[in-house]
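Q: here is my input; please provide its structure:
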Amino acid sequence: MYRRFEKEPLASPDGKTVSASAFPLRDDSYNRGLFCRHHEDVLYDETKENNTHYFAKWGVAEFAHADFTAIYELDEPKDLRQFHVTIAHVPNECMYPHSQMVVTLEGVEAAVPKSIRTKIRERLLRICRIVKHVDP
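A: Residues are numbered from 1 along each chain as shown. Next up is the predicted model:
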């Protein structure tokens, strides 16, 4: 799995949180490596007709598909909800490898609480490998 990013995904100065700008989780999009010719394919903007926009200066992170599947729980002892995270292959007309992160609660896509988004970002930082750094 490959994901482009505009800023290096570094931890905050206290080392406890990941920058929201490195991994904004809204419409979180990836490319399945199995269907890519090269990891930099993810730098093409799949929303533009014929992939006419290319994020040449952005970086690329690589993830193992199996590492995405995870269950996250809230830190509140009385709140026993479990959020399941997976990756779904969602090909589109201009980008067949396109995939999306899906977060479900009891089998239904769900809004993700801020504390769970933070945990997801922290995990993404731990499991990613940078294959192309951001160009200054």
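Q: next, the buried residues of stretch 46-62.
A: Buried positions in stretch 46-62, judged by neighbour count with 16 or more other C-beta atoms under 10 Å: Glu46, Phe55, Trp58, Gly59, Val60, Ala61, Glu62. In short, each C-beta sits where N, CA and C put it, glycine included.
Q: could you pull out the strands for this structure?
A: Ranges of strands within the chain are 2-5, 29-31, 59-62, 70-73, 82-89, 98-105, 108-109, 129-132, based on DSSP state E.
Q: returning to what we had before: nearest to Gln100 among the buried residues of stretch 46-62?
A: Glu46 (11.0 Å; C-beta to C-beta).
Q: my guess is that closest one contacts Cys94, does it?
A: Yes. With contacts defined as C-beta atoms under 8 Å, Glu46 counts as touching Cys94 at a distance of 5.2 Å.
Q: go through the strands of the chain and name the closest to Thr118.
A: strand 70-73 (9.7 Å).
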